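Q: Only the shape, not the letters, is given here:
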DNA sequence: GATCAAAGATTGTCGAACAATCTGGAGGAT
DNA sequence: ATCCTCCAGATTGTTCGACAATCTTTGATC
């Protein structure tokens, strides 16, 4: 019963899953790249069945897509995908934040991410830290289904951000200020305000990403 | 390109997945039952790796739970689970219905399920038809992520219903009347009303299920 | 240049094997 | 009698190799 993170069955596929996930989110595997089972197996020194398992999980996460008898590929998301993902995220995260506000306490991990965002240099990329903040915030309320759905959506969002060469129009400090407002509302127990601020925050992020997407698309 | 349902990789694990799923939802595998890879493989005449894959998908669906090096088991859901699942479903389905109302059209498959519910005998179990109606309604709007999340939640909900010996306090006709009101609002393009009615409908279902759960629990 | 067939690549599934880990029971110590 | 230890069985975790099914690409033919 010493176990902390049970459920994450088996370390090998889990490690592979994480490695591939990072590769996709860091754009080391650009959209359209074929991810074949044997290549992954060879590259990481595991059996094909193990590689297959990791790939299958990525497909479940929405970070890879696969048709029968074809290699899995990194999907390239269009404006419709971005809009859908952010719409879903708004719905889920808003509900989670409202529930969190009813409890009134901020999880420590979220606070850490918040302070980290406040501390970094204005030019550092911060998408990862921002995502961590939101994940931890949602994880702080007790509804496990909301946490799971939110995690899936955040994965796809990080992939969007990696694919769009999003120029930073907002600094980390400006983002953190919005986060601060949400935190304040949560601590104050004002679920409605916290939810509204969360909605605005997410819609703003969506609009900036869509604008960057259009710019990218126009350039080519 | 003749393919209709691509994505559902490989027929064998898919069939196994469906078979096990049905067994769980029909309570043929009561909560607590251990589902071992070799037993499934032997029972269905497939290799263990294939059975393993199907089981893993069920775990992903939330219809089975598994700790490392232990057999997967059918989870028995408690009142907290029921509350969480229905809270999540309300949030997701409401958003989907509001979006559907903005389009204003009812998917044909949902209409079929609706009429089926109107036609059946008052004593017939109708949980499956009811679930189909809601699934098809959500599938009628274009956000694929909402459809996926809703599908996961509906699977868990069907499992809840199977586990609780829910005495039917409402007849199919009464349920169908609530559905009709939602459909009317959707056709009228009144997203707000459709959303509100959906929320009430789902909360009502949750309350009846929780009451039945308490009754069950008291009996033993 | 278009069409069709063969070759190659990739997934889908199987079977066997062994290590790692968990569970439950037998037997011994207190 | 109760608790502990240890062993045996059960189950998963992972590997390897093999072959069929299917998709893609190449090449030959017309």
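A: Arrived safely, thanks for sending. Values in this document were obtained by computation on a predicted structure and should not be read as measured data. Residues are numbered from 1 along each chain as shown, chains lettered A, B, ... in the order given.

Q: If you count contacts, what does the longest helix anywhere in chain A end up packed against?
A: As assigned by DSSP state H, the longest helix anywhere in chain A is helix A:191-219. Applying 3 or more CB pairs under 8 Å, 6 or more residues apart in numbering or on different chains; DSSP states H and E, one finds that helix A:191-219 contacts helix A:79-103, helix A:172-187. Every residue, glycine included, has its C-beta placed from N, CA and C.

Q: Going C-terminal from the longest one, what's the next secondary structure element?
A: Think helix A:79-103. The C-terminal neighbour of helix A:79-103 among helices and strands, as given by DSSP states H and E, is helix A:108-119.

Q: circling back: check the helices and strands packed on helix A:191-219 for me and report the most buried one.
A: helix A:79-103 (a mean of 22; mean count of other CB atoms under 10 Å in any protein chain shown).

Q: returning to that earlier point: so for the longest helix of chain A, what gets flagged as buried?
A: A:191, A:193-198, A:201-202, A:205-206, A:208-210, A:212-213 (16 or more other CB atoms under 10 Å in any protein chain shown).

Q: Pick the one among the residues you listed closest to DNA strand C.
A: Set against DNA strand C, the nearest of the buried residues of helix A:191-219 by CB to the nearest atom of the strand is residue A:213 (28.7 Å).

Q: Show the contacting residues for the closest one.
A: Residues near residue A:213 by CB atoms under 8 Å, 6 or more residues apart in numbering or on different chains: A:79, A:82, A:164.

Q: again with residue A:93
A: Counting by CB under 8 Å, 6+ apart, residue A:93 has contacts A:134, A:138, A:150, A:198, A:202.

Q: Quickly note the distance from it to residue B:142.
A: 21 Å (CB to CB, to the nearest Å).

Q: and residue A:112, how far is that from DNA strand C?
A: 30 Å (CB to the nearest atom of the strand, to the nearest Å).

Q: same check, this time on residue A:36
A: Going from residue A:36 to DNA strand C by CB to the nearest atom of the strand gives 4 Å.

Q: cool, residue A:52 as well?
A: Distance from residue A:52 to DNA strand C, by CB to the nearest atom of the strand: 7 Å.

Q: residues contacting the nearest residue to that residue once chain neighbours are set aside?
A: Residue nearest to residue A:52 in three dimensions, not counting chain neighbours: residue A:37, with 4.8 Å by CB to CB, 6 or more residues apart in numbering or on different chains. Residues counted as contacts of residue A:37 (CB under 8 Å, 6+ apart) are A:48, A:51-52, A:55, A:71.

Q: can you tell me which of those residues are in strands?
A: Nothing among the contacts of residue A:37 maps onto strands, per DSSP state E.

Q: Reformat those residues into JSON lines and put neighbour count, pLDDT and distance to residue B:75 next to each item.
A: What follows is the contacts of residue A:37, written out as JSON lines (neighbours: other CB atoms under 10 Å in any protein chain shown; pLDDT from 0 to 100; distance: CB to CB, whole Å):
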{"residue": "A:48", "neighbour count": "14", "pLDDT": "94", "distance to residue B:75": "31"}
{"residue": "A:51", "neighbour count": "25", "pLDDT": "94", "distance to residue B:75": "29"}
{"residue": "A:52", "neighbour count": "21", "pLDDT": "94", "distance to residue B:75": "26"}
{"residue": "A:55", "neighbour count": "24", "pLDDT": "95", "distance to residue B:75": "27"}
{"residue": "A:71", "neighbour count": "15", "pLDDT": "94", "distance to residue B:75": "35"}
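
Q: Show only the entries of those residues found in helices.
A: Using DSSP H, these in helices are A:48, A:51-52, A:55.

Q: dump the residue contacts of the residue nearest the centre of chain A.
A: The residue lying closest to the centre of chain A (CA atoms, centre = their mean) is residue A:154, at 2.5 Å. By CB under 8 Å, 6+ apart, residue A:154 lies in contact with A:89, A:131, A:134-135.

Q: Next step: those residues restricted to strands.
A: Using DSSP E, none of the contacts of residue A:154 sit in strands.

Q: In CSV: these, plus pLDDT and distance to DNA strand D.
A: Converted to CSV, the contacts of residue A:154 look like this (pLDDT from 0 to 100; distance: CB to the nearest atom of the strand, whole Å):
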residue, pLDDT, distance to DNA strand D
A:89, 98, 31
A:131, 97, 27
A:134, 98, 30
A:135, 98, 25
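
Q: Type out the ChimeraX command that picks the buried ones from those.
A: Of the contacts of residue A:154, the buried ones go into a single ChimeraX selection, burial set by 16+ other CB under 10 Å:
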select /A:89,131,134,135
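
Q: Give me the domain ranges for chain A.
A: A:11-73, A:79-219 (automatic domain parsing).

Q: Leaving out sequence neighbours, find the closest residue to residue A:31.
A: Leaving aside its chain neighbours, residue A:31 sits nearest to residue A:76 (3.4 Å; criterion: CB to CB, 6+ apart).

Q: swap in residue A:181?
A: Nearest non-adjacent residue to residue A:181, counting by CB to CB, 6+ apart: residue A:197, 5.4 Å away.

Q: The helix or strand of chain A with the lowest mean pLDDT close to chain B?
A: Ranked by mean pLDDT, DSSP states H and E, the helix or strand of chain A with the weakest confidence is helix A:11-25, at a mean of 90. No - judged by CB under 8 Å from any CB of the partner chain, helix A:11-25 stays clear of chain B, getting no closer than 9.1 Å.

Q: what helices or strands is whatever helix or strand comes next after that helix leaning on?
A: The helix or strand immediately downstream of helix A:11-25 is strand A:34-35, counting by DSSP H and E. With contacts defined as 3+ CB pairs under 8 Å, 6+ apart, the secondary structure elements packing on strand A:34-35 are strand A:72-73.

Q: For residue A:92, list the residues it contacts.
A: Here residue A:92 is in contact with A:138, A:146, A:149-150, A:153, B:88, B:91-92, B:149 (CB under 8 Å, 6+ apart).

Q: neighbours around residue A:142, how many?
A: Neighbours of residue A:142 under the rule other CB atoms under 10 Å in any protein chain shown: 14.

Q: thinking again about what came up before, closest one to residue B:105 among the helices and strands packed on helix A:191-219?
A: Proximity to residue B:105 (CB to CB) singles out helix A:79-103 among these, at 18.5 Å.

Q: separation between the spatially closest residue to residue A:190 that is not a sequence neighbour and DNA strand C?
A: Computed as CB to CB, 6+ apart, the closest residue to residue A:190 that is not its neighbour in sequence is residue A:101, at 6.3 Å. Plainly put, residue A:101 is 38 Å away from DNA strand C if you go by CB to the nearest atom of the strand.
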